[in-house]
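Asker: Pasted the sequence and its predicted model underneath.
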Amino acid sequence: MTVTSRICWFVLVAFALVATACFSQSTSAADEDLPTLTKRLQSEKPVFAKRQQDLLTARYDLADRPAKGVTMSRGKPVQEGVRVKLPSGATWEKLAAMKPEEIKQKSLWPAGFLPLPHPHHEAGGMIFPKFLIEETKKQTARDLTRFDLDFDLPDHFLPEFPAPIYLTTRPDLGDVSQGKLVTLDNFDDLFKDILNPKQLEGLRLLVTPFPQQQFNATADRRSLKAHQGVACFDCHANGHTNASTHTVGDIRPNEHRHRIDTPTLRGLNVQRLFGSQRALKTVEDFTEFEQRAAYFDGIPADAARKGTNVLERGSQVHFMSEFQSILDFPPAPKLNVFGKLDPAKASPAELRGQEVFFGKGQCATCHTAPYYTDNQMHNLKVERFFKEVTVNGRKASADGPIKTFPLRGIKDSAPYLHDDRLLTLEDTVEFFNLVLELKLNAQEKQDLTAFMRSL
């Protein structure tokens, strides 16, 4: 055997080993027939559900405690208060006075500030809130229930449903959703007189289900019946978010994969990076990537076997992006054309919060007005504060750089951060107060929250 032949042989062996490791979970599932797989996973379901609920209860105050007089765009109450629980004997003031090294050494980093695992992190995959499942089934007879697990976070922490839809092209119309979840069943009736033919075709594709890792026709799926698949707007309901989650397809090994916070598509036209970490440069890149890879956990062999949908870039992908790019932020009547507060409309607390945001809080370093994003990636290096630990299958370690999400309309988009670990804006303020070592006092924190609710 020549040297070249040996090199080629070793490369092939290495590739085979990597492929075996990547495909092991799918292969083990495929070795079982569907009835056997269903029975086994359903028997395991209560164990993992309890494990996740025990984790959430230990980390957070999950009570339904709405803020007085603060609602989302259509009227759903916004939850208030810091919900992350502190370690025994700690206070937010004590932690803020400590250096990251000291917090790490004494293991005082709040557990709720660690990465949040997927509802069943070892299994992963798309999982939807019950209200989305029920409405989708009612309209289209398509059942997004997984027989092996359910969504984990309480409904009162999630975005309102169905969310209103605002269009940059027709701001005079306000919410154009008519209070309905947009699906393949009703999109044409709702939008045929508002959109041009290209935009309407893009919307049709966004509400059309295509095969996905857990929802397809193969015997290792996670739906009881053979399935058409998942639509873009199953997660990005009405072009917004319903907090559906998944695990990222572009990180290995599995314990390092992030739970995904489904971001809103509102204001997509002002964004220049897509994907929380991938930094894809156009929404067309992102749309094509999702269908080819993310839908199948980044496993091309599974995509081919389960029925990947290869979108045509020049027409289908372009049309989808054209509709996505006219989704607007919700109205913010207290902001002027520069994205700052109008003093005649804002409260004293909101005005003080704006001063903190653009001053001591350093928020505007990344979240620049008027849309409150700099379209950059930033590494918060949160790993400075805690020792590496594995919780419910998720290894808490360095996250790396994360894109700056816009803060316009942020009160409508809970939970927060790229993996939903922060349930309220108050949690978010406490998190960044420690991570950025800001040393904000109690009044400054309250004012900062009030300002962000006005965006």
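Answerer: Looks like it came in fine. These numbers were taken from a predicted model, which means no experiment stands behind them. Numbering: from 1, shown residues only.

Asker: Isn't T168 up against L327?
Answerer: Yes: T168 sits in contact with L327 when judged by CB atoms under 8 Å, with a separation of 7.5 Å. (Each C-beta comes from the backbone N, C-alpha and C, glycine too.)

Asker: can you list residues touching both of the two?
Answerer: Common neighbours of T168 and L327 (criterion: CB atoms under 8 Å, 6 or more residues apart in numbering): N269.

Asker: more neighbours, these two?
Answerer: Neighbours per residue, other CB atoms under 10 Å: of T168 and L327, the larger number sits with L327, 20 against 15.

Asker: what sits against the more buried one?
Answerer: Residues in contact with L327 (CB under 8 Å, 6+ apart) are I165, Y166, L167, T168, G239, L265, R266, G267, L268, N269.

Asker: Selecting buried members of those residues in PyMOL, what would you type?
Answerer: Restricted to buried positions by 16 or more other CB atoms under 10 Å, the PyMOL selection for the contacts of L327 reads:
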select buried, resi 165+166+167+239+265+266+267+268
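
Asker: Including distance to V82 and secondary structure, could the contacts of L327 go into CSV?
Answerer: Formatted as CSV, the contacts of L327 follow (distance: CB to CB, whole Å; DSSP: H, G, I helix; E, B strand; the rest coil):
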residue, distance to V82, secondary structure
I165, 32, coil
Y166, 30, coil
L167, 36, strand
T168, 35, coil
G239, 30, helix
L265, 29, coil
R266, 26, coil
G267, 27, coil
L268, 31, helix
N269, 34, helix
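
Asker: From D399, how far out is P330?
Answerer: Between P330 and D399 the computed distance is 29 Å (CB to CB, to the nearest Å).

Asker: Give the residue from these two that has the larger number of neighbours.
Answerer: Taking other CB under 10 Å, P330 and D399 do not tie; P330 has more neighbours (22 against 19).

Asker: Let me know the secondary structure of the more buried one.
Answerer: Put simply, P330 is coil when judged by DSSP: H, G, I helix; E, B strand; the rest coil.

Asker: Can you tell me how far it is from T169?
Answerer: Look at P330 and T169: by CB to CB, they are 16 Å apart.

Asker: what residue is smack in the middle of the chain?
Answerer: Nearest to the mean C-alpha position of the chain, by CA atoms, centre = their mean, lies D261 at 1.4 Å.

Asker: surely that one meets D420?
Answerer: Yes: judged on CB under 8 Å, D261 makes contact with D420 at a distance of 4.7 Å.

Asker: shared neighbours of these two, which are they?
Answerer: Contact with both D261 and D420 is made by residues A243, T245, according to CB under 8 Å, 6+ apart.

Asker: quick one: the helices in the chain?
Answerer: 3-30, 34-59, 92-96, 100-105, 130-140, 187-191, 197-206, 232-235, 283-292, 300-306, 318-324, 348-358, 425-435, 442-453 (DSSP state H).

Asker: Out of those, the one nearest E312 is which?
Answerer: helix 318-324 (8.7 Å; CB to CB).

Asker: which helices and strands does that closest one pack with?
Answerer: Contacts defined by 3 or more CB pairs under 8 Å, 6 or more residues apart in numbering; DSSP states H and E place helix 318-324 against helix 197-206, helix 283-292.

Asker: Tabulate these in CSV, adding columns for mean pLDDT.
Answerer: Converted to CSV, these look like this (pLDDT from 0 to 100):
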stretch, mean pLDDT
helix 197-206, 98
helix 283-292, 89
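
Asker: who wins for proximity to L153 among the ones you listed?
Answerer: Of all the helices and strands packed on helix 318-324, helix 283-292 sits nearest to L153, with 22.6 Å by CB to CB.

Asker: which parts of the longest strand along the chain are buried?
Answerer: Secondary structure assigned by DSSP state E gives strand 66-71 as the longest strand of the chain. Burial within strand 66-71, assessed by neighbour count using 16+ other CB under 10 Å, is assigned to A67, V70.

Asker: Can you give the distance of that strand from its chain's centre?
Answerer: Centroid separation for strand 66-71 versus its chain: 23 Å, with CA atoms, centre = their mean, to the nearest Å.

Asker: which outside residues touch it?
Answerer: Contacts of strand 66-71 (CB under 8 Å, 6+ apart): P77, V78, Q79, E80, H156, K411, R453.

Asker: Tell me the one of these nearest F289?
Answerer: Relative to F289, the closest of the contacts of strand 66-71 is K411; by CB to CB it sits at 29.4 Å.

Asker: for that closest one, what are its contacts?
Answerer: Going by CB under 8 Å, 6+ apart, K411 touches V70, M72, V78, L425, M452, R453, L455.

Asker: can you rerun that using 7 Å?
Answerer: K411 sits next to M72, V78, L425, R453 when contact means CB atoms under 7 Å, 6 or more residues apart in numbering.

Asker: what number of residues lie near the nearest residue in space to the third one that is not next to it in sequence?
Answerer: By that I understand L425. Leaving aside its sequence neighbours, L425 sits nearest to T449 (CB to CB, 6 or more residues apart in numbering; 5.0 Å). By other CB under 10 Å, 25 other residues sit near T449.

Asker: The one 3 residues further on too?
Answerer: For M452, the count of nearby residues is 22 (other CB under 10 Å).

Asker: I'd assumed I410 was in contact with it.
Answerer: Yes: counting by CB atoms under 7 Å, M452 does reach I410; the two are 5.6 Å apart.

Asker: neighbours around E201, how many?
Answerer: By other CB under 10 Å, 18 other residues sit near E201.

Asker: Return the per-residue confidence for the nearest residue to it once chain neighbours are set aside.
Answerer: Distances taken as CB to CB, 6+ apart place F319 nearest to E201, at 4.7 Å, with adjacent residues excluded. Per-residue pLDDT puts F319 at 97.
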